[in-house]
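Q: Just need the structure, nothing else, for what follows:
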Amino acid sequence: KDKSFDINKIDITDKATYEMMASGQTEGVFQFESAGMKSVLVGLKPVNIEDLIAVISLYRPGPMDSINTYIENRHHPEKTVYKTEKLRDILDVTYGCMIYQEQVMQIFRSLAGYSYGRADIVRRAMSKKKHDVLEKERKNFIYGMVREDGTVECDGCVNRGIPAEVANDIFDDMSSFASYAFNKSHATAYAYVAYQTAYLKCHYPCEFMAALLSSVLDNTDKVTEYTDECNRIGIKILPPNVNESSDSFTVSDGNIRFGLLAIKNLGRNFINNIVSERRAGKFISFYNFCLRMHGADFNKRAVESLIKSGALDGLGANRRQMLMAMNEIIDELDSKRRRNVEGQIGLFDSMSGESHSEAALKFFDEFPQSELLAMEKSTTGLYLSGHPMADYSELAASMACVKISELAASGENLHSSH
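A: Have a look, this model is predicted:
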């Protein structure tokens, strides 16, 4: 679409991208496509990369309890409360919430007088979830520590004017936070990649969704989820077509063409052969396809999948005709190849073979629509030419419906939090 595009030069302050994320339209966006993350984004309404960094850091079992507080204080900064004013300079950027490992190190240094070295010991203990080490620091944090030679290792909060009860509460907050704390640089790297994917989805939706679908070719559930998203944002998923499709999903006139690799029973070599062969000219009939593709990697199972998926629909015959003629045509081609190898094929065999096989496509009425859809579902995992529930779409839209995929995701999140 834009050959001069450089992902490393995108506008990190793009308003449209943040608006898309704030509306929860983040299917396919790195780190932000779960139902829980969408809910947080809708509540928070992110406007900059700092918001994304914070959300990624908060959406973890430890800090997750602070999400509602963060969102409330983000929208109403005047409600932010600090257990001591000395926390303001450290936690004001995160609206009074403890989110990053770096903030914990700052608290140890600013409130209790820890050196960088000793604060780093605390950081390492946090990252390795060494609660016993952290607990040993409680007394030092509150009351300070004196070395054997009488010099002061750290002042402690009490000696810096912070009541012991307040210091103890702050230490409790840090301890419960410790197990799952992110360092900000880690979260920033995640957030930047997440923003890049969101930017691509916002400004290059066809290209992004085609690449996304191609990345999950072997995951039918994900392919289904992302094709639903394409439909929601107005991108049509065009059915597979042996004269148009590539191995992966591709952009085609503002829509996306289904990739052949997503059809069951098709090997990569066979697909590569299809793409290579059609460079000599498009396939013009079912027999023409079989004749030109007959050889290595060509088999009845693959041809049957192509027929049932609809990839051969444009070749002048309906699916029932092709399925009824398939065995006869392939058997005849196999027989001719064997006779040719044995030197037994004659002039009249070679001249009359194609017309005989073309005639083998006797007329049959097409399968009912319900059977065609079932074939597509069995070979691609999707309904491509329609949907069995299409007649009920208006009724479903008028009701409070929840996607099964969202229920499954919420169940997984609930399980992982315990």
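Q: on contacts alone, who are the packing partners of the helix with the most length in the chain?
A: The helix spanning the most residues in the chain, taking DSSP state H as the definition, is helix 319-341. For helix 319-341, the packing partners by 3 or more CB pairs under 8 Å, 6 or more residues apart in numbering; DSSP states H and E come out as helix 286-293, helix 300-309, helix 347-359. Where C-beta positions appear, they are placed from N, C-alpha and C, glycine not excepted.
Q: Helix or strand next in line after the longest one, which one?
A: Remark: after helix 347-359, the chain's next helix or strand is helix 369-380, criterion DSSP states H and E.
Q: quick one: that following helix to helix 319-341, angle?
A: With axes from the mean of the first three to the mean of the last three CA atoms, to 10 degrees defining the directions, helix 369-380 sits at 50 degrees from helix 319-341.
Q: Could I get the buried residue list for helix 369-380?
A: Leu372, Leu373, Met375, Glu376, Lys377, Thr379, Thr380 (16 or more other CB atoms under 10 Å).
Q: Mean pLDDT per helix and strand in this structure: which one sits at the bottom?
A: Across the helices and strands of the chain, mean confidence by mean pLDDT, DSSP states H and E is lowest for helix 347-359: a mean of 49.
Q: quick one: contacts of the longest helix of the chain?
A: Applying CB atoms under 8 Å, 6 or more residues apart in numbering, the contact partners of helix 319-341 are 286-287, 290-291, 294, 300, 303-304, 307-308, 310, 312-313, 315, 317, 345, 349, 353, 356-357, 360-367, 372, 375.
Q: Mind giving me the ChimeraX select for those, buried ones only?
A: What follows is the ChimeraX syntax selecting those of those that are buried according to 16+ other CB under 10 Å:
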select :286,287,290,291,294,303,304,307,308,310,312,313,315,317,345,353,357,360,361,367,372,375
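Q: Could you give the number of residues near the residue nearest to Leu361 when sequence neighbours are not counted?
A: If the residues on either side of it in the chain are set aside, Leu361 comes closest to Ala325, at 4.7 Å by CB to CB, 6 or more residues apart in numbering. When neighbours are defined as other CB atoms under 10 Å, Ala325 has 22 of them.
Q: now Ala325: how far from Lys362?
A: Between Ala325 and Lys362 the computed distance is 7 Å (CB to CB, to the nearest Å).
Q: And Asp297, by the same measure?
A: 28 Å.
Q: in the longest helix of the chain, what counts as buried?
A: Of the residues in helix 319-341, those buried under the neighbour-count criterion (16+ other CB under 10 Å) are 319-326, 329-330, 332-333, 336.
Q: before we move on, what about stretch 175-195?
A: 175, 177-178, 181-184, 186-188, 190-191, 194-195.
Q: Next: stretch 234-247.
A: Of the residues in stretch 234-247, those buried (16+ other CB under 10 Å) are Ile235, Ile237, Leu238, Pro239, Pro240, Asn241, Val242, Glu244, Ser245, Ser246, Asp247.
Q: so the last one sits right up against Ile271, yeah?
A: Yes - using CB atoms under 8 Å as the test, Asp247 is close enough to Ile271 to be in contact (4.9 Å).
Q: intersection of neighbour lists for these two?
A: Leu260, Leu261.
Q: Where does pLDDT dip in the stretch 301-418 of the chain?
A: Applying pLDDT under 70 to the stretch 301-418 of the chain flags the ranges 343-360, 403-418.
Q: Check the chain too.
A: 1, 179, 343-360, 403-418.
Q: Domain ranges for it, per the record?
A: 7-185, 204-387 (automatic domain parsing).
Q: Can you lay out the ones you listed as JSON lines showing distance to Leu395?
A: Formatted as JSON lines, the domains of the chain follow (distance: least, CB to CB, whole Å):
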{"stretch": "domain 7-185", "distance to Leu395": "24"}
{"stretch": "domain 204-387", "distance to Leu395": "13"}
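Q: so which of these gets nearest Cys401?
A: domain 204-387 (12.9 Å; CB to CB).
Q: quick one: which of the buried residues of helix 319-341 is nearest Ile71?
A: Looking across the buried residues of helix 319-341 and measuring by CB to CB, the closest to Ile71 is Arg319, at 52.8 Å.
Q: contacting residues around the closest residue in space to Tyr116 that isn't next to it in sequence?
A: Nearest non-adjacent residue to Tyr116, counting by CB to CB, 6+ apart: Arg109, 7.2 Å away. Counting by CB under 8 Å, 6+ apart, Arg109 touches Ser115, Tyr116, Ala119.
Q: what separates Arg109 from Arg160, distance-wise?
A: 11 Å.
Q: Next, the angle from the longest helix of the chain to helix 286-293.
A: Using the same axes, to 10 degrees, helix 319-341 lies at 40 degrees relative to helix 286-293.
Q: got the angle for helix 319-341 vs helix 300-309?
A: 150 degrees.
Q: so how far is helix 319-341 off the chain centroid?
A: 42 Å (CA atoms, centre = their mean, to the nearest Å).
Q: And the domains of the chain: which comes nearest Ala400?
A: domain 7-185 (15.3 Å).
Q: just checking, Leu158 touches Lys139?
A: To be clear, residue 158 is Val; Leu isn't right here. No - using CB under 8 Å, Val158 is not in contact with Lys139, being 10.7 Å away.
Q: Who has more neighbours out of those two?
A: Val158 (16 against 12).
Q: Contact partners for that one?
A: Taking CB under 8 Å, 6+ apart as the test, what Val158 contacts is Ile142, Tyr143, Gly144, Ala164, Ala167.
Q: residue contacts, the second one?
A: Taking CB under 8 Å, 6+ apart as the definition of contact, the neighbours of Tyr143 are Gly156, Cys157, Val158, Asn159, Ala164.
Q: where do the strands sit along this structure?
A: For the chain, the strands defined by DSSP state E cover 145-146, 152-154, 237-238, 250-252, 255-257.
Q: Look up how far Leu373 lies from Asp51.
A: Asp51 is 43 Å from Leu373, by CB to CB.
Q: how long is stretch 143-150 end to end?
A: Here the two ends of stretch 143-150 are set 15 Å apart, with distance taken as CA to CA, to the nearest Å.
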